[in-house]
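In: Quick one, structure for this:
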Amino acid sequence: MRQWLTTAWHRGHPALWLLWPLSFLYLGITGLRRHAYRHDWLSSQRFPVPVVVVGNITVGGTGKTPIILALIKRLQQEGFRPGVVSRGYGGSAVYPLQVSERVSTAETGDEPMTIFRRSGVPVVVDPKRSRATGFLLQNTDCDIVLSDDGLQHYALARDIEIAVIDGARGLGNGQLLPAGPLREAPSRLAGVDYVITNGEGYSVPGAFIMQLLPQPWRNVRDASCALPGAGSRIHAVAGIGNPDRFFTQLRRQGFEVITHAFPDHHAYVAADFAFADGSPIVMTEKDAVKCTDLAADNWWFVPVTADLPETFYVSFLQKLKQLQATRVSRHA
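Out: Below you'll find the predicted structure:
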């Protein structure tokens, strides 16, 4: 059902008309909720350090994790000590939970573990992101918090909002859940600080365009590097929001790709990889963190880095400095 809906949202299907009444109901509920936070009928928790939310207004992955990783790297270069909070979709644990090598991806969820392993910064998982933020600040020396997703989690007060859009899929059919993929109306984009599109295709005035740059393959078991020759036959596995993006990337690199698409945040089992031949298996980094114990020697993943315009970083850092100056003046 989930796969059918995703396809229908982006390619169209007459049966979606039947869901429109539920979409109007969803619009009313979400609108009322946001209105309640705006007028302090419901309270948002504010923290003494800047909070940056990187999210989206659609269901499914859009490329938020690479942006989080790129922001971490740039903030560290500027002397900041960033930390990350995440809902930990797909994980199951006692919250709040700080990610470490002592806990499993089944507890943390795939994206928090990916961020932790790539960056080494403190990452705290909790469906209540405000509680995760409080735990992060009490137990680490972070001076800025990045929220992985959570654009609609208004209980966490934020200083900067970044909305990410899949440039290939855009906003689908432009309808709210469940008749479309939207969590909030398209007008919500006008209220965020930055819009970033993952690749070209869907145009938003003033948006910054990000490109995902594939890095050398790494072994799923031991993270050793590899540069396989083009033309190889491979099984490509992807349990992400837009698997076709990953498959297309591999084809462009010259591989003969046998595709295996799974739902976003899929919990893999050995049977998922019972392929008839012995061709290498290649997957995304987000999938790989869940497959270490299952992997054979010829299983690989492809890390990606987010290539963002320098103009975005200049504006983002300037806004942070303005926030810091305002906080200092208030306490002077």
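In: What average pLDDT does the one helix or strand Arg33 maps to get?
Out: Using DSSP states H and E, the element containing Arg33 is helix 20-38. Helix 20-38 shows a mean pLDDT of 94.
In: in it, what's buried?
Out: 23, 26-27, 30, 34 (16 or more other C-beta atoms under 10 Å). For every residue, glycine as well, the C-beta is placed using N, CA and C.
In: For this structure, just list every one of the helices.
Out: According to DSSP state H, the chain carries its helices in the segments 2-11, 20-38, 64-77, 105-108, 110-119, 129-139, 243-252, 285-288, 310-330.
In: Of all the ones you listed, which one comes closest to Val53?
Out: With C-beta to C-beta, the closest approach to Val53 among the helices of the chain belongs to helix 129-139: 8.6 Å.
In: Show residues contacting the closest one.
Out: Contact with helix 129-139 is made by 44-45, 47-49, 51, 83, 85-87, 95-96, 98, 122, 124-126, 142, 145, 147, 150, 153, 155-156, as judged by C-beta atoms under 8 Å, 6 or more residues apart in numbering.
In: Which of those residues fall in strands?
Out: Using DSSP state E, the members of these that fall in strands are 51, 83, 85-86, 98, 124-125, 145, 147.
In: Let's check: the centremost residue of the protein is which one?
Out: Residue closest to the mean C-alpha point of the chain, counted by C-alpha atoms, centre = their mean, is Lys64 at 3.3 Å.
In: can you tell me how far it sits from Ile196?
Out: Going from Lys64 to Ile196 by C-beta to C-beta, to the nearest Å gives 9 Å.
In: Can you work out which residues contact both of those two?
Out: By C-beta under 8 Å, 6+ apart, Lys64 and Ile196 have these common neighbours: Val164.
In: so who does Asp148 touch?
Out: Residues in contact with Asp148, defined by C-beta under 8 Å, 6+ apart, are 54, 64-65, 68, 84-87, 111-112, 115.
In: Including pLDDT and distance to Gly180, could the residues you listed go into TSV?
Out: Converted to TSV, the contacts of Asp148 look like this (pLDDT from 0 to 100; distance: C-beta to C-beta, whole Å):
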residue	pLDDT	distance to Gly180
Val54	98	22
Lys64	96	20
Thr65	95	24
Ile68	98	26
Val84	98	29
Val85	98	28
Ser86	96	25
Arg87	92	22
Glu111	95	24
Pro112	96	28
Ile115	97	29
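In: Let me know the closest of those to Gln318.
Out: Val54 (17.9 Å).
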